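# Predicted model and sequence below, questions to follow.
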Amino acid sequence: MNITTITVRAGRTFNHPHEQYSNLRPEVEMSATLVDGDDAHFAVRELQAKAEALVEQHKQHLLEAIEDLYQSAQIESELANLEESLSRAQARMEELRRRKTELLPETSTATP
């Protein structure tokens, strides 16, 4: 038997790190054409190793990108909460200053 073409597939299924019931599955399929004198078994192993490495690398990049997006969303959420808290605090300070002025009009002008 003379093997002239080889095809390999590699894939990974893994859970999304921040979502329940969400899986990711990167895959790759690679083909190679053999020429006379090529060792088919060696070529299959080499091609499979390349496919596996590509899929694993893609998986790691996906995980890094997902983590970056997650961290960015966390930061945005915290910033929004802090801005809201700051607005409430500033409104409360203005309310207290107004009430103080109403209660003690003569001392409020002397106080900075």
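Sure thing, it's come through. Residues are numbered from 1 along each chain as shown.

# roughly how far is the helix or strand that contains Ala89 from the heart of the chain?
Using DSSP states H and E, Ala89 maps to helix 40-103. Averaged C-alpha coordinates place helix 40-103 at 7 Å from its chain's average position (C-alpha atoms, centre = their mean, to the nearest Å).

# any idea which residue sits dead centre in the protein?
Centroid-nearest residue in the chain, with C-alpha atoms, centre = their mean: Ile66, separated by 1.7 Å.

# Could you double-check that that one sits in contact with Pro17?
Yes: counting by C-beta atoms under 8 Å, Ile66 touches Pro17, with 6.1 Å between them. The C-beta positions use only the backbone N, C-alpha and C, and glycine is treated the same way.

# quick one, phi psi at Asp36?
Note on Asp36: backbone dihedrals following degrees, to the nearest 10 are phi -50, psi 130.

# tally of neighbours for it?
Using other C-beta atoms under 10 Å, Asp36 is surrounded by 6 other residues.

# How much space separates it from Thr7?
Distance, Asp36 to Thr7, using C-beta to C-beta, to the nearest Å: 19 Å.

# now do Arg25
From Arg25 across to Thr7, the span is 19 Å (C-beta to C-beta).

# Same question for Ala91.
For Ala91 relative to Thr7 (C-beta to C-beta), the value is 67 Å.

# Which strands and helices lie in contact with the strand or helix carrying Glu29?
In the assignment (DSSP H and E), Glu29 maps to strand 27-33. The contact analysis (3 or more C-beta pairs under 8 Å, 6 or more residues apart in numbering; DSSP states H and E) places strand 27-33 against strand 5-11, helix 40-103.

# tell me how far it is from the chain's mean position?
28 Å.

# What lies in contact with that strand?
With C-beta atoms under 8 Å, 6 or more residues apart in numbering as the test, strand 27-33 has contacts from 4-12, 43, 47, 50-51, 54-55, 58.
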